[in-house]
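Asks: Requesting a structural model of the entry that follows:
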Amino acid sequence: MSGFLSEKALAHPLVSKALSALRQVPGAADRIAAEVLSEGTREIWRRQGSQTPKELQYTQAKGHICLRRLLGKRCSYNSHQEPPCQPPGSDHPSLWNQAGKPVCFVFQPYSLSGENLAALTDLCRKHNLTMSISGQASWHFPGRTILVELMRNSPKEASPVVPQKPTLTLVELE
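Replies: Numbers count the residues shown, from 1 in each chain. Presented below is the predicted three-dimensional model:
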């Protein structure tokens with residue numbers, strides 16, 4: 001064993017039976033684990049912590065998923081607009097509201113190249129966004145994807161002359 005479970009947990013009949021069954025279906029264990037973890041991980045992220053008042057919890061925005069909506073702009077479905085509809089490296093995107101307004105653009109790529117990370121950093125500088133990347137908070141295929149959050153900085157944090165440097169925060173789930 002790899003040490004992920006205690007000896008006591010491994011000795012439990014249900015755990016032992018589940019591990020035996022998983023080993024009989026090659027390649028399925030990570031997908032089954034993702035299926036089990038996905039909804040709970042998403043819900044923990046959406047609530048932004050167990051003490052967050054309901055009105056401050058995130059709700060998924062309806063309609064077209066576009067980074068421009070986060071910035072209060074309309075999307076023209078033009079791939080050459082600035083900012084782009086989808087940020088560099090975007091995969092499995094979603095837009096999240098708080099109190100009915102877009103506050104967070106999320107995407108969950110399987111990987112993020114240095115080139116995409118540099119382009120995201122530039123995007124954040126240009127548009128006064130904060131970027132946060134987590135290997136644990138992703139709910140689309142947990143364990144295989146990373147969660148990238150783009151959020152607007154508050155107006156008082158913005159500088160009219162020099163764009164704010166984006167912050168990069170690594171997040172751990174409770």
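
Asks: Contact partners for the residue nearest to the spatial centre of the chain?
Replies: In the chain, the centroid-proximal residue (Cα atoms, centre = their mean) is L147; its distance is 3.0 Å. With contacts defined as Cβ atoms under 8 Å, 6 or more residues apart in numbering, L147 is in contact with 45, 106, 108, 133-135, 137-139, 171. To be clear about C-beta, it is placed using only N, CA and C from the backbone, and glycine gets the same treatment.

Asks: Show me what it is bridged to.
Replies: Residues in a beta bridge with L147, per DSSP bridges, are S134.

Asks: on that earlier part again, out of the contacts of L147, who has the most neighbours?
Replies: For those, the largest neighbour count, defined by other Cβ atoms under 10 Å, is 27 neighbours, found at S138.

Asks: just checking, it touches E149?
Replies: No - using Cβ atoms under 8 Å, S138 is not in contact with E149, being 10.4 Å away.

Asks: tell me, what's touching the two both at once?
Replies: By Cβ under 8 Å, 6+ apart, no residue touches both S138 and E149.

Asks: host element of the closest residue in space to L129 that isn't next to it in sequence?
Replies: Nearest residue to L129 in three dimensions, chain neighbours excluded: L150, at 5.0 Å (Cβ to Cβ, 6 or more residues apart in numbering). Taking DSSP states H and E as the definition, one finds L150 inside strand 147-152.

Asks: So which bits of that strand are buried?
Replies: By neighbour count on 16 or more other Cβ atoms under 10 Å, the buried set for strand 147-152 is 147-152.

Asks: Thank you kindly, that will do.
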